[in-house]
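**Student:** What follows is a predicted protein model with its sequence.
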Amino acid sequence: MPKAQNANAVVEAVPKKTTIREVARAAGVGIGTISRVLNASSQVSRETRARVLEAIRRLGFRPNAQARRILKRRSEIVCFLLSNRDFLHPFHARILQGVESYASTLKHHVLFAVLHYSPRITPEKIDLPAVLQEHGLIDGIILAGTIYPNLLRRIESIRMPFVAFSNNVVGMDGGQQYDQVGFDDFNGTLQATRYLIEQGHRLIDFAGDMSFPWIQRRFEGYRQAMRENKLKPISITIRNSDGFVDFGQKSARRILSRPSRPSAVVAGNDETAYGLWLSLRRQGLKVPEEVSLVGFDDREEAVLMDPPLSTVRVHKEEIGETCMKMLLERLHHPQMAFSQRILPTEFVVRETVRKL
């Protein structure tokens, strides 16, 4: 049989939560003043602020986060939307890290969502994640991944503030205005190609899938460096490649089949450079003794190659931080003009370039 309960058992009282009204009475101010202090408003005198904070400390008051968000008319939550990329693409993961790091310093929260859609469907048929369709749930969006014009128009239709990672916007004619953050593709390969030329290289090929606009911009930087030194730019064209690594492998085979082999290759990104390195090594050619090689992006894998890859470094966390800052500016100043930030890149010299 179950034991009878002790009639004399003591029931512990649940501690009573201090309310904002009790803090207001203790500080001798109105509830509105308490809210302004909690939201760091400049409309409260130093003496009143000190009195309110002392009452909060003495009474052990903990503000209700949801109530504070209602007062601010913001959720303090933003969405990082990765479109048409794998979960989670290493490059964009570092951008997300920069977004989250800066948001956390301001006690904002970041939700992550993935979206796959066709660039050919009409904007209204893009099925956005539910979190974006709930009114008031998030304040704004940071768009990353491969971004097509129909997605930009879809986001605009729900009147949601957003900032786009501009390097991966495909198919825009420049006429549409929106907040955007990117990095300098052109000058990255311009610097890398100039470095190869300074090291004595004259026969330099470019290997990159130019169906992607960011690879096209990198080719333009390479071509500028070649032309200013009166050298002939050569772009390797590959059809039906299965991704960037495959493009690099097929590019290496194309290079080796030609009678005049280049002394150096500028790759459109680190994945293409890896494919080149892999295929050249399998054919018995050494990097950089026989072919020098540079990449673009400075992914973590670049230092794992043997030898480590010389490449153009993109400051990915800074891109994310800048996206978050720009989105907050838009939220605080909805009528301000659209802005664009292009962050610099830097060429990192490692061991895949030989001086001739």
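**Tutor:** Nice, I can see it.

**Student:** gap between the most centrally placed residue in the chain and Val312?
**Tutor:** The central residue of the chain, meaning the one whose C-alpha is nearest the mean C-alpha position (C-alpha atoms, centre = their mean), is Ile95 at 2.9 Å. Look at Ile95 and Val312: by C-beta to C-beta, to the nearest Å, they are 16 Å apart. Heads up, the C-betas are built off the backbone N, CA and C, glycines and all.

**Student:** Enumerate the beta-bridge partners assigned to the closest residue to Asn167 other than its chain neighbours.
**Tutor:** Excluding its sequence neighbours, the residue lying closest to Asn167 (C-beta to C-beta, 6 or more residues apart in numbering) is Gly182, at 4.4 Å. Beta bridges link Gly182 to Ile342 when assigned by DSSP bridges.

**Student:** ok, how many other residues are close to Gly182?
**Tutor:** 21 (other C-beta atoms under 10 Å).

**Student:** related to what we said a few turns ago, check which helix or strand the residue nearest to the residue nearest to the centre of the chain when sequence neighbours are not counted maps to.
**Tutor:** Leaving aside its chain neighbours, Ile95 sits nearest to Gly320 (4.2 Å; criterion: C-beta to C-beta, 6+ apart). Using DSSP states H and E, Gly320 falls within helix 316-332.

**Student:** Show me which residues of that helix are buried.
**Tutor:** Of the residues in helix 316-332, 316-328, 330 count as buried by neighbour count, 16 or more other C-beta atoms under 10 Å.

**Student:** where does the stretch 101-250 of the chain have low pLDDT?
**Tutor:** 136, 173-176 (pLDDT under 70).

**Student:** on that earlier part again, give me phi/psi at the residue nearest to the centre of the chain?
**Tutor:** phi -60, psi -50 (degrees, to the nearest 10).

**Student:** the strands in the stretch 51-200 of the chain, which residues?
**Tutor:** 77-83, 109-115, 140-145, 162-165, 179-183 (DSSP state E, counting those that start in this stretch).

**Student:** Alpha carbons of the second one, in CSV - could you do that?
**Tutor:** Output in CSV follows, covering the C-alpha atoms of strand 109-115 (Å, rounded to 0.1, in the frame of the first residue of the first chain):
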residue,chain,number,x,y,z
HIS,A,109,19.3,36.2,-32.6
VAL,A,110,19.9,34.5,-36.0
LEU,A,111,17.6,31.9,-37.5
PHE,A,112,19.1,29.7,-40.3
ALA,A,113,16.9,28.6,-43.3
VAL,A,114,17.6,26.9,-46.6
LEU,A,115,15.7,27.5,-49.8
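
**Student:** and that strand, which strands flank it?
**Tutor:** Strand 109-115 is paired, per DSSP bridges, with strand 77-83 (parallel).

**Student:** Between strand 140-145 and the partner strand, find me the angle.
**Tutor:** 20 degrees (axes from the mean of the first three to the mean of the last three C-alpha atoms, to 10 degrees).

**Student:** for the record, mean pLDDT for strand 77-83?
**Tutor:** Strand 77-83 carries an average pLDDT of 94.

**Student:** Could you list the residues in contact with that strand?
**Tutor:** Under the contact criterion C-beta atoms under 8 Å, 6 or more residues apart in numbering, strand 77-83 has outside partners 88-89, 92, 96, 99-100, 103, 108-117, 129, 131-132, 137-147, 151, 324, 327.

**Student:** and stretch 199-210, how far apart are its ends?
**Tutor:** Taking C-alpha to C-alpha, to the nearest Å, stretch 199-210 runs 26 Å from one end to the other.
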